[in-house]
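J.: quick check, what structure comes out for this input:
(2 chains)
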2 protein chains.
Amino acid sequence: MNDTSWDSLVEHVGRIETLRGVMGTLGWDEQTMMPPKAQRLRGAQRALLSRMEHEWITDARIGGWLEALEGDADPVRRACARNLGRTYRRERGVPAELVVALAEAKSEGFAAWIDAKKRSDFARFAPSLSRLVELSRRRADAIDPHRHPYEVLLEEFDPGTSVEGLRAMFARLRDGLTPLLRAIAERPQLPALDATFDPERQTLLHREVAAALGYDLDGGRLDHAEHPFTTGLGEGDVRITTHIRADDLLSGLGATIHEAGHAMYEQGLPHALAGTTVTDAASYGLHESQSRFWENFIGRSRPFCRWLAARLAARFPEVGVDAEQLYQAQNRVERGLVRVEADEVTYNLHVIVRFELELALFDGTLSVADLPEAWNARYVEYLGVRPPNDARGVLQDVHWSGAAFGYFPSYTLGNLYAASLGATLERELPDLWARVEAGDFAHVLAFLRERRNAHGHLEEAPDLVRAAVGERDHVEDLLAYLWSRHGALYGVTRS
Amino acid sequence: MNDTSWDSLVEHVGRIETLRGVMGTLGWDEQTMMPPKAQRLRGAQRALLSRMEHEWITDARIGGWLEALEGDADPVRRACARNLGRTYRRERGVPAELVVALAEAKSEGFAAWIDAKKRSDFARFAPSLSRLVELSRRRADAIDPHRHPYEVLLEEFDPGTSVEGLRAMFARLRDGLTPLLRAIAERPQLPALDATFDPERQTLLHREVAAALGYDLDGGRLDHAEHPFTTGLGEGDVRITTHIRADDLLSGLGATIHEAGHAMYEQGLPHALAGTTVTDAASYGLHESQSRFWENFIGRSRPFCRWLAARLAARFPEVGVDAEQLYQAQNRVERGLVRVEADEVTYNLHVIVRFELELALFDGTLSVADLPEAWNARYVEYLGVRPPNDARGVLQDVHWSGAAFGYFPSYTLGNLYAASLGATLERELPDLWARVEAGDFAHVLAFLRERRNAHGHLEEAPDLVRAAVGERDHVEDLLAYLWSRHGALYGVTRS
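T.: Numbers count the residues shown, from 1 in each chain, chains lettered A, B, ... in the order given. Here you go, the predicted model:
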C-alpha cells in the first residue's frame, strides 16, 4: 500500500475513532449527569451518531484499502488490515433490515426485561428473548454461515477465541472450582467487615487509592454511578465511576480499584497510533484481566490490606480496623445467587452457568422456555444454591436484553489471564509484595504496560497473553492461586 | 413547497439541530467536567463536528428548498425560509480559506489575549486583534458588500437590528444614564452585604430559588463554573452553572437567577417545531432580556428581597440579614472598571463603550493601536474612572479575542427589552409584587412565555418585542425604571 492511501485510511479511521469518543462522552454523560427528561433527546443524538458511524465504517473505500494492504509486512499495517477488515466485513455483512430489527428488539427487550425483573416473572421476558436469540443467530449467519453462530457473536468481544477452546477451558475450571467451594463450605465462615465509614471521606480515600495505583486523574475523573463503569474516550480522557455506601467500604473500594484497572489499561494504550485500529483494546477479556488483576490479585492480597489498613487509620481514626480483618473480609467466600456480588472463588461459576446456557441456546439444545429451570439446576449443581425467584436467578443480568450474547465469557477469560500474569509477576519481581505493602505500585503497572498493554491491538489477545507470560496453563494458574489464597484462609488443602 | 420537500427539509434541519445539541453537550462538559489533559482530544472532536455542521448547513439542496419556499404563506415555513436562508447565505458566502484563516486567528488571538491580560500589556494582543478585525471585515464584505460591515457582524447575534438604530438608542441611553450616575455619586453610599454564608447550604438555596422561579430541574442541572453560563441542548436538557463564594452571597445568587432566566427561556421554546429553525432563540438580545428580567427586575426588587430574606432566615439562622439590607446591597451603585461586576445603572455604560469602539474600528475611524487610550478616555467621560492598567481596562473581556464583534450590544438590548417588559407586566398584573413577595412566580413566567418565548424565532426579535409590549420607547422605559428604583434608594429625583 502506498503512503498516500495509508494516510487516507488513517485519516478516515481516525475520524471514526474521534466520533466514537464523542459517543462515549454522551454515554458517560447519560449515566452520570444527564437530566431525566433528556432521554428522548439523547436517543435522537445517539441514533444520529450511530448512523454516521455505520456509514463511515462501511465506506466502500475501505474495501480497496484492505485489498491494497494484503501481504503488507509492516506489523501496524498488518494489524490494521486484520482489525479493520473484521469490523468492515461484520458491519457490511448484516443486511440493513436485520440491523433495524435487532435495534428494535433490543429496545423492546430492555423494557421487557425491566418489567419482568421487577415482577420476577421470566415469562414476561421470554418472547423478547426468543426474538433476540433468533435475530442474533440470523446476524451470525449473515456474517459467516460456516462458523458456529456463537463463535461469530463471541468474536465481537474476544476475537481469536474459539468456542471449543472456551468450552474445554471452562469445563476444567468448573471441575476444579467445585471441590474448592465444597471444601470451603464445610469450614467455619470468615467474618465480614462490620463497620461504618463516612461517605465523604470514602470518596477521598478512593481518589487516593486510584492515584496511588497509577490512575492519572488529570486525564480522568471519578464520579458516582449505581453500576460502576469506565469510559475510555481517547488520549487524556478516561473516566471511572464507583459507588459509595457507608456500611460497605469494601464493595465500593473494590469497584474503584476494578475500574481504575480498566482505566489504566486505556491510559496505557499506544495513542500515538491513532487511526490505525491498534489503539483499541485487544479484547474484552484482556481488558477485564487488567481490572481483575488490580481488584483481586493486588487489591485482595494481604500486603495490600496492610497498606490499606494504614490509609484507613489515617482517614478514619474513629474506626478500628486492622489489616487481618480487612484481608479476611476481602476473601470471604459465600455461595451466593448474584454474580455481581460474588467473591473470587464463586464468580467464575456464575459466568460458566451463563456461558453454558448461551451455548446451548445457540446450539439449539435448549429452548428459551426451559431456560429458568436449566439455570436453577446449574446453580444447585455448581454453587449449591437454588434461586428463590427469577429476579435473583435468570433475570438478574441486563446483558441478554441487549443481545450481548458472548459477552459473559470475557469476565472469566479476564480472571484466567490475570492469574497467569500474577504468577509471572510473582516469579519475575521477587520483592513484589514488599513493594505493594509499601504502597509502591509503579513496578506492577510498568509490568502490565510493557507486557501487553502498550501493544494495543497489534496482535490478538491470546497471542499478546502468550507473549507476555509464555506458554502457561491459565486454568491451572487460576486454580492454584485460589487454592493457595482461599485454601490457606479457610484451612483447606488441595488433594 | 410540496409536503415531501418540506419533510426532507425538516429532517435535514433536525439533523443539524441534533448535531448542535451534541456539540453543546461537549461544550458543557469541557467547561464543567472534562479532565485537563483532554484538551487536544476535545479539540479534534469539536473540529470533526464543526466540519460536519458546516457541510450540512451549506448542503446545496437547501438552495432548492429555499427557492421552493418563496412566497409560502404559512408562518412557520415563512420564518424557516428567512432563518435558514440567512444562515445558508452567511455560511456559503465566506470562502473556505477565510474560514480557516479566521479559525486560526481566533485560536492565536485567544492565546495572545490570555498572555497580554496576564501581563496587563495591550501591545501583546494588538497584532492579533488587528488581524481579527481585518479578517472579520473581509468576512462581512464576503457576506454582503453593500451593508455596513458591523451590521453584517451584528446580524449573527441580533438579526433585524440596524447599526443606525442602535447608535441612536445607545446614545440616548448614555446621555440619560450619565446624569443619574452623577447624581448618585454625590449621595452617601449604600452598605454592601457584609456576611458569610456556608457554601453547601448556598447551593441548596440556589436550587430552591431557581426551582421556585420556574426552572425545571428535571430537565436541567445546576453545576459550578468560574464564569457561569447556560447551555440549551434541546428539549428536556437545559443546564445552568453558577459560582458560590462564602463571602459573596449575592454575586452567586444573581448568577443563578440570571442563568435560570436564560434556561427558562430555552425550556419555553416551541420544541414541537424542531427541524424548522423556529425552535431557535430569536436573538441574543431577546435571550438576554429574559435573564436580565429575572435577575434585575424581579431579583433585585424589594418584594423579592422580602421573600428571599425569609428563605435565608430558614437556611442560615446564624446569619441575621433583613430584607431592607438585602434590597440596599442588591441595588448599590458603584463607578467600577469591570463590566461583569457592574450594577444595573453603570452596566450599560460599560457596554456602550465597547459598542462605540467596535463601531469605530469597523468604520475605520479608530485604529487598534489607539484603542487603549480611546477606552480609557470613554471610561473617564461616562463612568468617571480611569483604568489603572490594561488588564482592568481594554483587556478585560474575552469577546474580541474570538472575533465576537457585535456581541456586546445584545447585553444592553436585553436590558432595554426587559425594561419594557417590566413596565408592561406591572401595568397588566396589578398584584405582581404581592405575588412576588409571596414567592409565587408562575404568572411572571406565564407572561414571558405567552408574550414571546413560545414563538421561538417565528418573527425577528424586535417584532416579537413589539407584539409583546406594543410600541414602547425602550430607552425611556429603562431610564424611568432606573431613576425610580435607584433614585428612590439614593434620594435623587429626575430633573
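J.: tally of neighbours for the closest residue to residue A:348 other than its chain neighbours?
T.: Counting by Cβ to Cβ, 6 or more residues apart in numbering or on different chains, residue A:412 is the residue found nearest to residue A:348 once chain neighbours are left out, at 4.7 Å. In this view, the C-beta of every residue, glycine as well, is placed from N, C-alpha and C. A count of neighbours around residue A:412, defined by other Cβ atoms under 10 Å in any protein chain shown, yields 27.
J.: same deal with residue A:308?
T.: 23.
J.: pull out the buried positions in the helix or strand that contains it.
T.: Assigned by DSSP states H and E, residue A:308 belongs to helix A:302-315. Across helix A:302-315, burial judged by 16 or more other Cβ atoms under 10 Å in any protein chain shown covers A:302-309, A:312.
J.: roughly how far does residue A:166 sit from residue A:173?
T.: Using Cβ to Cβ, to the nearest Å, residue A:166 is found at 10 Å from residue A:173.
J.: typo on my end, residue A:76
T.: Residue A:76 is 35 Å from residue A:173, by Cβ to Cβ.
J.: pick out whichever of these two has more residues nearby.
T.: Taking residue A:76 and residue A:173 together and counting by other Cβ under 10 Å, residue A:173 has the greater number of neighbours (23 against 17).
J.: so residue A:239 sits in a strand?
T.: Yes - Residue A:239: assigned to a strand according to DSSP: H, G, I helix; E, B strand; the rest coil.
J.: which residue, other than its chain neighbours, is closest to it?
T.: Spatial nearest neighbour of residue A:239, excluding adjacent residues (Cβ to Cβ, 6+ apart): residue A:221 at 4.5 Å.
J.: so how many other residues sit close to that neighbour?
T.: 19.
J.: and the pLDDT at it?
T.: pLDDT recorded at residue A:221 is 98.
J.: and it, which of the three is it?
T.: strand.
J.: from residue B:463, how far out is residue A:256?
T.: 56 Å.
J.: can I get the buried residues of helix A:302-315 in TSV with pLDDT and distance to chain B?
T.: Listed next are the buried residues of helix A:302-315 as TSV, based on pLDDT from 0 to 100; distance: Cβ to the nearest Cβ, whole Å:
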residue	pLDDT	distance to chain B
A:302	98	34
A:303	98	30
A:304	98	26
A:305	98	30
A:306	98	31
A:307	98	26
A:308	98	26
A:309	97	30
A:312	97	25
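J.: which one among those residues gets closest to residue A:286?
T.: Lowest distance from residue A:286 to the buried residues of helix A:302-315 (Cβ to Cβ) belongs to residue A:304, with 22.6 Å.
J.: the closest one: what's it in contact with?
T.: A:298, A:436-437 (Cβ atoms under 8 Å, 6 or more residues apart in numbering or on different chains).
J.: next SSE after the longest helix belonging to chain A?
T.: Among the segments of chain A that qualify as a helix by DSSP state H, the longest is helix A:3-32. Once helix A:3-32 ends, the next helix or strand along the chain (criterion: DSSP H and E) is helix A:39-57.
J.: against which helices or strands is that next one packed?
T.: helix A:3-32, helix A:75-93, helix B:3-32, strand B:230-234 (3 or more Cβ pairs under 8 Å, 6 or more residues apart in numbering or on different chains; DSSP states H and E).
J.: got CSV for these, with distance to residue B:192 and mean pLDDT too?
T.: Formatted as CSV, those follow (distance: least, Cβ to Cβ, whole Å; pLDDT from 0 to 100):
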stretch, distance to residue B:192, mean pLDDT
helix A:3-32, 39, 96
helix A:75-93, 63, 96
helix B:3-32, 29, 96
strand B:230-234, 27, 97
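J.: now the strands: where do they sit in the stretch 201-350 of chain A?
T.: Secondary structure of the stretch 201-350 of chain A (DSSP state E, counting those that start in this stretch): strands located at A:220-224, A:230-234, A:237-242.
J.: burial-wise, tell me which of those comes out on top.
T.: Among the strands of the stretch 201-350 of chain A, ranked by average contacts under mean count of other Cβ atoms under 10 Å in any protein chain shown, first place goes to strand A:237-242 (a mean of 26).
J.: helices and strands around that one, which ones?
T.: Other elements packing on strand A:237-242 under the criterion 3+ Cβ pairs under 8 Å, 6+ apart are helix A:3-32, strand A:220-224, strand A:230-234, helix A:249-267.
J.: how close does residue A:280 get to residue A:286?
T.: As for residue A:280, its distance to residue A:286 is 11 Å (criterion: Cβ to Cβ).
J.: tell me which helix or strand the residue nearest to residue A:409 when sequence neighbours are not counted sits in.
T.: Here the nearest residue to residue A:409 in space, its sequence neighbours aside, is residue A:355; by Cβ to Cβ, 6+ apart that works out to 5.2 Å. In this structure, residue A:355 sits in helix A:344-363 according to DSSP H and E.
J.: what angle do the helix or strand following that helix and helix A:344-363 make?
T.: Using DSSP H and E, the helix or strand that follows helix A:344-363 in sequence is helix A:371-378. Counting by axes from the mean of the first three to the mean of the last three Cα atoms, to 10 degrees, helix A:371-378 lies at 140 degrees to helix A:344-363.
J.: got the buried residues for helix A:371-378?
T.: A:371-372, A:374-376, A:378.
J.: what residues does the stretch 201-350 of chain A have near chain B?
T.: The stretch 201-350 of chain A has residues A:216-221, A:233-237, A:239 near chain B, with proximity defined as Cβ under 8 Å from any Cβ of the partner chain.
J.: one more time with 10 Å, if that's ok
T.: Applying Cβ under 10 Å from any Cβ of the partner chain, we find that the stretch 201-350 of chain A lies next to chain B at A:216-221, A:223, A:233-239, A:267, A:271, A:274.
J.: roughly how far does residue A:182 sit from residue A:384?
T.: Separation of residue A:182 from residue A:384 (Cβ to Cβ): 8 Å.
J.: anything in contact with each of these two?
T.: Residues touching both residue A:182 and residue A:384 (Cβ atoms under 10 Å, 6 or more residues apart in numbering or on different chains) are residue A:335.
J.: middle-most residue in chain A, spatially?
T.: Using Cα atoms, centre = their mean, the residue of chain A that lies closest to the mean C-alpha position is residue A:288, 4.1 Å off.
J.: next up, the contacts around it.
T.: Residue A:288 makes contact with A:157-158, A:258, A:261-262, A:265, A:281, A:295, A:409-418, according to Cβ under 10 Å, 6+ apart.
J.: and these, which of them are in helices?
T.: Counting by DSSP H, those place A:258, A:261-262, A:265, A:409-418 in helices.
J.: in the stretch 51-200 of chain A, which residue sits closest to chain B?
T.: residue A:52 (7.8 Å; Cβ to the nearest Cβ).
J.: now for the longest helix of chain A, which elements pack on it?
T.: Applying 3 or more Cβ pairs under 10 Å, 6 or more residues apart in numbering or on different chains; DSSP states H and E, we find helix A:3-32 packed against helix A:39-57, helix A:60-69, helix A:75-93, strand A:220-224, strand A:230-234, strand A:237-242, helix B:3-32, helix B:39-57.
J.: tell me the buried residues in the longest one?
T.: For helix B:3-32, a neighbour-count test (16+ other Cβ under 10 Å) marks B:6, B:9-10, B:12-32 as buried.
J.: check the first one too.
T.: With burial defined by 16+ other Cβ under 10 Å, the residues of helix A:39-57 counted as buried are A:41-42, A:44-46, A:48-49, A:52-53, A:56-57.
J.: ok, now stretch A:111-120?
T.: Quick answer for stretch A:111-120 (16+ other Cβ under 10 Å): A:112-113, A:116-117.
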